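Novice: Okay, here's the prediction I keep looking at, along with the sequence it came from:
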There are 2 protein chains.
Amino acid sequence: MMDTTTLSALAEPNRLHIVELLREGPLTVGVIADRLRLRQPQASKHLRVLLEAGIVELQAVANRRIYKLRPEPFKELDDWLDSYRRGWNERFDDLDSYLSELQQE
Amino acid sequence: MMDTTTLSALAEPNRLHIVELLREGPLTVGVIADRLRLRQPQASKHLRVLLEAGIVELQAVANRRIYKLRPEPFKELDDWLDSYRRGWNERFDDLDSYLSELQQE
DNA sequence: AAAGAATATTCCTGTCAAGGAATACTCTTT
DNA sequence: AAAGAGTATTCCTTGACAGGAATATTCTTT
C-alpha cells in the first residue's frame, strides 16, 4: 500500500511548492525561502518534514544546506498509480455486475 | 501545479484504504464500513471528503449509495509525476553546477 | 401507517500541525 | 575575538480535522 507520509508531506501547499521548485535543481534554504516568500524558519521546518519523509536530502556546504529531491518517493507514487492505470481505461466501474450482485440478496 | 485537495484527501489512512478497496469495483457504504472496520458515520464522512475532492462519485440505488472511483484525479497525479520522471533518471541533482554558481557570489 | 434498513449530519472533544517570534547554533569574515 | 551570515530549534497560539455518540433523513417492507 502507498505510504501516507509521502502524501501528507506533499499535501501542504508550501511544501508542494518547495518540491516543484527543487524540480529544477538543488537549492539553498535561503533561496527557497526567498523564492516562495516564506520566512526562513518556516522554510526550514517544511524542509525538515520533507526530509523525514525522504522526499528530499541535504548536503551541507560550509554554512549552507543544499536541499535536493530524492527520486524514490516519486517512484513509489508512480508504482502505486500503476495499479490504477489499468482500471481507469476500462472504467473503474463494473457497475452493472455489482448491481446484479445486490439483487441476489 | 498539482492540486493539494487530491493529495490531502488521500493522505488520510482510512481514506486511502477506501480508495484501494474501490479499486476493485464500486461498493456500498455499509460494505466499505464493514470491510475496513469503520463505523458507518465515519465511513460516510470520509466518503464525503473523497466526493468533494472528486476522487469518488456516487450513484443512488434505492436506499443505498454506491461509490466508485473517478479516474480524473489519478490522471492528474500521473501527469504531475510526468514532470519528475525526466529528472529522476538523470538524477535530480545537478549539484556540481549549483556549487559553481555559489562560488561566483 | 409503522417498523426497520441504509446512509447522512450534527455536536462535542481531543489531537495535531502550521505560522509567528525569539533564540540557539555553526561557520565565515574581518 | 568579534561580528555577521545562514540555518535550525523552541515556545506559544490558533485553526483544522478525526473519532464518538446521538440523531436526522430517506427508502423499503410488512
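Specialist: The structure has been received and is ready for your questions.

Novice: Can you show me the CA trace of stretch A:15-29 as PDB?
Specialist: Listed next in PDB are the C-alpha coordinates belonging to stretch A:15-29 (Å, rounded to 0.1, in the frame of the first residue of the first chain):
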ATOM      1  CA  ARG A  15       5.900  22.000   0.700                       C
ATOM      2  CA  LEU A  16       4.500  21.200  -2.600                       C
ATOM      3  CA  HIS A  17       5.800  24.500  -3.900                       C
ATOM      4  CA  ILE A  18       9.200  23.600  -2.500                       C
ATOM      5  CA  VAL A  19       9.200  20.300  -4.300                       C
ATOM      6  CA  GLU A  20       8.200  22.000  -7.500                       C
ATOM      7  CA  LEU A  21      11.000  24.500  -7.100                       C
ATOM      8  CA  LEU A  22      13.500  21.800  -6.400                       C
ATOM      9  CA  ARG A  23      12.500  20.000  -9.600                       C
ATOM     10  CA  GLU A  24      14.700  22.400 -11.400                       C
ATOM     11  CA  GLY A  25      17.700  21.600  -9.200                       C
ATOM     12  CA  PRO A  26      19.200  21.700  -5.700                       C
ATOM     13  CA  LEU A  27      18.700  24.900  -3.700                       C
ATOM     14  CA  THR A  28      19.700  26.600  -0.500                       C
ATOM     15  CA  VAL A  29      17.300  27.200   2.300                       C
END
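
Novice: and stretch A:7-15 with DNA strand D, contact?
Specialist: No: residues of stretch A:7-15 are not located near DNA strand D by CB under 7 Å from any atom of the strand, the shortest gap being 9.4 Å. For the C-beta atoms, the positions are set from N, CA and C on the backbone; glycine is no exception.

Novice: Please enumerate residues in contact with that stretch?
Specialist: For stretch A:7-15, contacts defined as CB atoms under 8 Å, 6 or more residues apart in numbering or on different chains pick out A:16, A:19, A:36, A:38, A:42, A:46, A:49-50, A:53, A:55, B:2, B:4, B:7-8, B:10-11, B:16.

Novice: Please name the residues that touch the residue nearest to A:I32 when sequence neighbours are not counted.
Specialist: Leaving out its chain neighbours, the residue that sits closest to A:I32 by CB to CB, 6 or more residues apart in numbering or on different chains is A:A43, at 5.3 Å. Residues in contact with A:A43, defined by CB under 8 Å, 6+ apart, are A:18, A:29, A:32-33, A:36.

Novice: Select from those the one having the most neighbours.
Specialist: Highest neighbour count within those, by other CB atoms under 10 Å in any protein chain shown: A:I18, with 27 neighbours.

Novice: Name the residues of whichever helix or strand that residue is part of that come out as buried.
Specialist: A:I18 belongs to helix A:13-22 when elements are defined using DSSP states H and E. Buried residues in helix A:13-22, defined by neighbour count with 16 or more other CB atoms under 10 Å in any protein chain shown: A:14-22.

Novice: and stretch A:3-13, how far from the chain's centre?
Specialist: Relative to its chain's centre, stretch A:3-13 lies at 6 Å (CA atoms, centre = their mean, to the nearest Å).
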